[in-house]
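take a look and give me a structure for this.
(2 chains)
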Amino acid sequence: MVVFHIERRGGLPAYLQIVRQVERALRMGALTEGDKLPTAAQVAAATKVNPNTTLKAYRELERAGLVEVRQGAGTFVTHVPQPPASQPQSRLRDGLTAWMREAREEGLDAPGVIALFDTVLAEAFPANTP
Amino acid sequence: MTVPGPAGTRWALEAHGLGKKYRRGWALRDCSFRIPAGRVCALVGPNGAGKSTLLSMATRLTRPSAGELRIFGAPAGGRDAMPRWAYLAQDKPLFKRFTVGQTLRMGEELNPGWDRAVAERIVRAGRIPPQARVAELSGGQRTRVAFALAFGKRPELLLLDEPMADLDPVARDEMGALLMSEAAEHGTTVLMSSHLLGELEQMCDFLLVLDGGRIRMAGETDELVPMHTLVTGVTTPEGALPDALAAHTVIETRTAGRQFTALVLRQGPLNEEWQLTEPGMEDVLLGYLRSPRAPALIAPTAAPAHREDHAA
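Numbering: from 1, shown residues only, chains lettered A, B, ... in the order given. Take a look at the predicted model:
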């Protein structure tokens, strides 16, 4: 079973942290089709996260077609996204890795990279910045 | 988790024009709000804001001077409401000379709907021996026994006054987890007063903010918090806030040199020259509590409007 870790100072809402962690567990193979996700009470016992937050995350995952919420039985993985072997994501990742290496060689540290990334991100997706 | 029960139970707690006047004046005045069933609601405000007065009216310790308070549709002071709530006072009153086992047996004798399994499970999970005397327990253990008594009653509404205030960090973490998981297990509505804003952020999905005996904010966390933005920008050459900011409801501002930071309730798109960040629940709560003159914010979910809605 997957174990969630909720960052209180992460900036990301707790329900999104759960969504991301399930997605990651699916990608890494830690969760697979038919697996049951922890109940809201189990997540609450482990992380103090409000049960409605967990349910909200599960509904979000259900909308994305990754899990199914079965009344009274629990929430189950129904679909494992295929690893994007030759898809644009992997190409973009390679490009970013190369860029990251270059940035380090230029002498940029991690906070510098993040600041630069945030600036460019805001320029590229103006609608998404708060 | 917000499953409506029998008639009138969609709202765990509902106040209409609720007020309480003591000799020195109104401790709580003209409060109208409602908390949907199944929520974990934070009751926040400075000392003397009226939090304890509200809790004591919900638990029959005091009677309202004005208006009414209902618990799952039934008058809070009445017999019908009694079995539906449990209250955990800040000092967690337990008989010191009782053993843990005797304490639970007392819970069983006093409460018709007593759930022995739940109460014993909570005590056992803390590895507290039933023969231990209450006086010998640590603060965390005593809180756990008090929680066992409260949850053993199988309340639909659990009212807590500063439940974590006197606990060390480990006990606090443990009690938070216990509270959340038991509430999830039974779909219990929780109303909990606390000053620990950081911890409430994770645990609560509903907010009730009191200050000076009035409601400052009420509604779903997910609804209220994202209505706000933290704005950082440059002041006018005279050092004043830019006029464009006045298009929004400014809750709080600070200026340092030529830079200003403001917590605003957005009333439309914000100027793109400003740096905008999303505040957390704690940022928003502190902003309102530091600015007593900022307007109250009550979300439609939390405002008891129509009578037919109430009776449904």
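
and the nearest residue to B:Trp85 once chain neighbours are set aside, how far is that from chain A?
If you skip the residues right next to it in sequence, B:Trp85 has B:Leu157 as its closest partner in space, 4.3 Å away by Cβ to Cβ, 6 or more residues apart in numbering or on different chains. Every C-beta, even on glycine, is put in place using the N, C-alpha and C of the backbone. From B:Leu157 across to chain A, the span is 16 Å (Cβ to the nearest Cβ, to the nearest Å).

now B:Leu157: phi and psi?
phi -130, psi 120 (degrees, to the nearest 10).

that one reaches B:Arg84, doesn't it?
Yes: contact status for B:Leu157 versus B:Arg84: in contact at 6.0 Å, counting by Cβ atoms under 8 Å.

overlap in contacts, those two.
Both B:Leu157 and B:Arg84 are in contact with B:71-72, where contact means Cβ atoms under 8 Å, 6 or more residues apart in numbering or on different chains.

what residues does the stretch 151-300 of chain B have near chain A?
B:173, B:176-178, B:180-185, B:198-199, B:201-205, B:222, B:229, B:272, B:276-278, B:280 (Cβ under 8 Å from any Cβ of the partner chain).

among these, name the buried ones.
Burial of these was assessed by neighbour count (16 or more other Cβ atoms under 10 Å in any protein chain shown); the buried members are B:176-178, B:180-185, B:199, B:201-205, B:229, B:276, B:280.

tell me how far the nearest residue to B:Leu297 once chain neighbours are set aside lies from chain A.
Using Cβ to Cβ, 6+ apart and skipping the chain neighbours, the partner closest in space to B:Leu297 is B:Met217 (4.8 Å). In this structure, B:Met217 lies at 18 Å from chain A, with Cβ to the nearest Cβ as the measure.

phi, psi for B:Met217 please.
Dihedral angles of B:Met217 (phi, psi; degrees, to the nearest 10) stand at phi -160, psi 140.

list the contacts of it.
Taking Cβ under 8 Å, 6+ apart, we find B:Met217 in contact with B:207-209, B:224, B:285, B:288, B:296-298.

ranges for the strands of chain A?
In chain A, the strands defined using DSSP state E lie at A:36-37, A:67-70, A:74-77.

could I get those strands in JSON lines, plus columns for distance to B:Ala27, mean pLDDT and mean neighbour count?
Conversion of those to JSON lines gives the following (distance: least, Cβ to Cβ, whole Å; pLDDT from 0 to 100; neighbours: other Cβ atoms under 10 Å in any protein chain shown):
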{"stretch": "strand A:36-37", "distance to B:Ala27": "45", "mean pLDDT": "94", "mean neighbour count": "20"}
{"stretch": "strand A:67-70", "distance to B:Ala27": "44", "mean pLDDT": "94", "mean neighbour count": "16"}
{"stretch": "strand A:74-77", "distance to B:Ala27": "45", "mean pLDDT": "94", "mean neighbour count": "18"}
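
sketch out the low-pLDDT regions of chain A for me.
In the predicted model of chain A, residues A:9-11, A:83-88, A:127-130 satisfy pLDDT under 70.

so it: which segments form each domain?
Domain assignment of chain A by automatic domain parsing yields the ranges A:14-77, A:89-128.

isn't B:Trp274 right up against B:Leu230?
No: counting by Cβ under 8 Å, B:Leu230 is not a contact partner of B:Trp274; they are 9.8 Å apart.

that older thread, can you name the residues bridging to the residue nearest to B:Leu297?
Counting by DSSP bridges, B:Met217 is bridged to B:Val209, B:Leu297.

I'd say B:Pro112 and B:Pro83 touch.
Yes: the pair B:Pro112 and B:Pro83 passes the contact test of Cβ under 8 Å, sitting 6.8 Å apart.

neighbour count for those two, which is higher?
The neighbour comparison of B:Pro112 against B:Pro83 (other Cβ atoms under 10 Å in any protein chain shown) goes to B:Pro83, with 14 against 8.

list the buried ones in stretch A:35-48?
With burial defined by 16+ other Cβ under 10 Å, the residues of stretch A:35-48 counted as buried are A:35, A:37-48.

hey, which helix is longest across chain B?
Counting residues, the longest helix in chain B under DSSP state H turns out to be helix B:169-186.

ok, residues contacting it?
The contact list for helix B:169-186, computed with Cβ under 8 Å, 6+ apart, reads A:39-42, A:44-51, A:54, B:1, B:40, B:118, B:122, B:125-126, B:138-140, B:143-144, B:147, B:151, B:154, B:158, B:160, B:163-164, B:167, B:188-190, B:192, B:196, B:199, B:203.
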